[in-house]
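Enquirer: could you work out the structure for the sequence below:
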Amino acid sequence: SSQRVSSPALPEAIPPEAFTDLTAEERRYIEGNWKLLSAMRDVRIKPVETLEKMALTAGMTVVDLGAGTGYFTFRFSQQVGPTGRVYATDIATGALKYMQALIEREAELGTDYSNISLVQNPLDGTGVAEGTADVVFVCSIHIFSHLDMLNHTPQELAAGDPVALMAAGRKAMIQSIHETLKPGGRFVYMEGRPGSHEGLDLDVDAISDLFGRFGFVELGQHSHLEKMD
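Expert: From the prediction side, this is the model:
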């Protein structure tokens, strides 16, 4: 039986105009993503149910791969507590600067998120040391498709085996996820809209096939999401 999980509160989002020292790319990122740190997304993403399924406990180490502006990062922080650690990783420095600003603002308000470590991960890895994590979490297949490591034409994608193409193009990243986990650690993957992503059609069975090729063993599937933004 699963223990009922309350919904950890999110920090209030910081609007883009509050930032003064950003590159043009960082500003574009924050302007395009800051509103994603919103409880209004809860209806679709159902974080309470997600946290229940993940069964995080105090002291765990979680890697939030592709953390963005921290929609799950700050919730994980509260779940694992001061003895735990959350590695919030992203390839975008705009994401890391945004979360850093939130952590600093919340500290001034009396909320401690010092168990969050911000990491700029490379295109082909988590950026976190081997054997670190109890859980590596990915919110969507977009973390893979956005990495732009598949150099195929739409025609090639349509004609090819999507799992084989993804296994070849994302090999280094998936291996890095496997290596980042402790023995017995879990990779938790969310997807609210199975189907086509940049020409690759991946359903639940295809995802299981893909990660199975890299030594993962499926522990279970949950279907509490209908669609996700």
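Enquirer: contacting residues around Ala95?
Expert: Tyr29, Asn33, Ala67, Gly68, Thr69 (C-beta atoms under 8 Å, 6 or more residues apart in numbering). Any C-beta I mention is one placed from the backbone N, CA and C, and that applies to glycine too.
Enquirer: which among those residues gets closest to Ala133?
Expert: Ala67 (13.4 Å; C-beta to C-beta).
Enquirer: and the closest one, how many neighbours?
Expert: Counted with other C-beta atoms under 10 Å, residues neighbouring Ala67 total 29.
Enquirer: pretty sure it sits in a strand.
Expert: No. If the criterion is DSSP: H, G, I helix; E, B strand; the rest coil, then Ala67 is coil and not within a strand.
Enquirer: quick one, what contacts it?
Expert: By C-beta under 8 Å, 6+ apart, the residues touching Ala67 are Thr73, Ala88, Thr89, Asp90, Ala95, Met99.
Enquirer: farthest pair within the contacts of Ala95?
Expert: By the measure C-beta to C-beta, Tyr29 and Ala67 form the most distant pair in the contacts of Ala95, at 12.6 Å.
Enquirer: just the C-alphas of the helix ranked longest in the chain, formatted as PDB.
Expert: The longest helix of the chain (DSSP state H) is helix 93-108. The C-alpha coordinates for helix 93-108 follow below in PDB (Å, rounded to 0.1, in the frame of the first residue of the first chain):
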ATOM      1  CA  THR A  93      22.300  27.900 -18.200                       C
ATOM      2  CA  GLY A  94      19.100  29.900 -18.100                       C
ATOM      3  CA  ALA A  95      17.400  27.100 -16.200                       C
ATOM      4  CA  LEU A  96      20.200  26.900 -13.700                       C
ATOM      5  CA  LYS A  97      20.300  30.700 -13.100                       C
ATOM      6  CA  TYR A  98      16.600  30.700 -12.700                       C
ATOM      7  CA  MET A  99      16.600  27.900 -10.100                       C
ATOM      8  CA  GLN A 100      19.600  29.600  -8.300                       C
ATOM      9  CA  ALA A 101      17.600  32.800  -8.000                       C
ATOM     10  CA  LEU A 102      14.700  30.900  -6.500                       C
ATOM     11  CA  ILE A 103      16.900  29.100  -4.000                       C
ATOM     12  CA  GLU A 104      18.400  32.400  -2.900                       C
ATOM     13  CA  ARG A 105      15.100  34.200  -2.700                       C
ATOM     14  CA  GLU A 106      13.500  31.400  -0.700                       C
ATOM     15  CA  ALA A 107      16.400  31.300   1.700                       C
ATOM     16  CA  GLU A 108      15.800  35.000   2.400                       C
END
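Enquirer: now the element after that helix, going C-ward?
Expert: strand 116-120 (DSSP states H and E).
Enquirer: so what strands line up beside that following strand?
Expert: Here strand 116-120 has these sheet partners by DSSP bridges: strand 85-90 (parallel).
Enquirer: alpha carbons of the partner strand, as CSV, please.
Expert: The C-alpha trace of strand 85-90 is given here as CSV (Å, rounded to 0.1, in the frame of the first residue of the first chain):
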residue,chain,number,x,y,z
ARG,A,85,20.1,15.5,-2.1
VAL,A,86,18.5,16.6,-5.3
TYR,A,87,20.7,17.2,-8.4
ALA,A,88,18.8,19.5,-10.7
THR,A,89,20.5,19.2,-14.1
ASP,A,90,19.9,21.0,-17.3
